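Peer 1: quick one: sequence and predicted model below, then my questions.
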Amino acid sequence: MQITLSPLQIKDIDRVMQIERISFTESVVETAGVYEQRFRVFKEGNLGYFYDGTLIGFFCSELWKYEVEYSLSRFSLDHDISEYHDQKGTELYISSFAVDKRYRDRLRGKTAFALGMKHMCESFQIKSAILLVAERWIAARNIYTQWGFKDIRWIEHFFENGAGIIMRTGIPG
Ligand SMILES: CC(C)(COP(=O)(O)OP(=O)(O)OC[C@H]1O[C@@H](n2cnc3c(N)ncnc32)[C@H](O)[C@@H]1OP(=O)(O)O)[C@@H](O)C(=O)NCCC(=O)NCCS
């Protein structure tokens, strides 16, 4: 069975929130309102992974006008995408990424991430990518490191249980 990647719609929100809640601890779960706003503002950058018609994960992103260093408020989990998203931005900000653990035998996180990045890099003029990850999210950090992301800033106590790490990579043209 093939995995397909397509833009998330408002009708997917209940399933998105179900995956969100099984993937993240309560203190970092984002609200349905934040996701709905993402789908409205940047449809092409908020993608669902579908297996046989079932939504099994998501890759959420924004495009930012490149700055060497951003204010930390940009990385707050509940920020409104419309404040920073710029359709012509060259930096891809990955705002959320998860695969339902019950389906990881069908779609590994590393494969899902590669699919999302490939889709975005083919669709937009992206020159770099940036994200925030918790130091404790080992699988995610491995995936990003394997992809070429490097730690550029550690933020102690960003999360309830530890530091947040801003990671960034260049995207070859
Ligand atoms: C992030 C996520 C999608 C990764 O999916 P996954 O299927 O577990 O990841 P993979 O199996 O592709 O693992 C990636 C690498 O990390 C390794 N890894 C996974 N879990 C690990 C652990 N607990 N300790 C050490 N290494 C681990 C894997 O072996 C693999 O390395 P390899 O390529 O050398 O084999 C998934 O864990 C998830 O949805 N987590 C909850 C949400 C989350 O953390 N999102 C990230 C937001 S920034």
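Peer 2: Ah, there it is. Numbers count the residues shown, from 1 in each chain.
Peer 1: identify the bridge partners of Ile155.
Peer 2: Taking DSSP bridges as the rule, Ile155 bridges to Gly164.
Peer 1: contacting residues around it?
Peer 2: Neighbour list for Ile155: 72, 163-166 [criterion: CB atoms under 8 Å, 6 or more residues apart in numbering]. Glycine gets a C-beta too; all of them are placed from N, C-alpha and C.
Peer 1: how about Tyr84?
Peer 2: Tyr84 is in contact with 62, 64, 74, 93, counting by CB under 8 Å, 6+ apart.
Peer 1: could you do Ile13 as well?
Peer 2: By CB under 8 Å, 6+ apart, the contact set of Ile13 is 32, 35-36, 39.
Peer 1: can we see that at 10 Å?
Peer 2: By CB atoms under 10 Å, 6 or more residues apart in numbering, Ile13 lies in contact with 20, 32-33, 35-36, 39.
Peer 1: could you look up the SS state of it?
Peer 2: Following DSSP: H, G, I helix; E, B strand; the rest coil, we place Ile13 in the helix state.
Peer 1: tell me the pLDDT of it.
Peer 2: You'll see Ile13 listed with a pLDDT of 98.
Peer 1: in the helix or strand where Gln37 lies, what counts as buried?
Peer 2: For Gln37, the host element (DSSP states H and E) is helix 32-41. Buried residues in helix 32-41, counted by 16 or more other CB atoms under 10 Å: 34-39, 41.
Peer 1: need the single longest helix in this structure, by residues.
Peer 2: Counting by DSSP state H, the longest helix found in the chain is helix 109-123.
Peer 1: mind listing what's buried along that helix?
Peer 2: Buried residues in helix 109-123, defined by neighbour count with 16+ other CB under 10 Å: 109-110, 112-113, 115-117, 119-121.
Peer 1: ok, stretch 59-76 next?
Peer 2: Neighbour counts over stretch 59-76 (16+ other CB under 10 Å) mark 59-64, 70, 74-75 as buried.
Peer 1: output the contacts of Ile155 in CSV; the columns should cover pLDDT and distance to the ligand.
Peer 2: What follows is those, written out as CSV (pLDDT from 0 to 100; distance: CB to the nearest ligand atom, whole Å):
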residue, pLDDT, distance to the ligand
Leu72, 92, 16
Ala163, 97, 13
Gly164, 97, 10
Ile165, 98, 9
Ile166, 98, 11
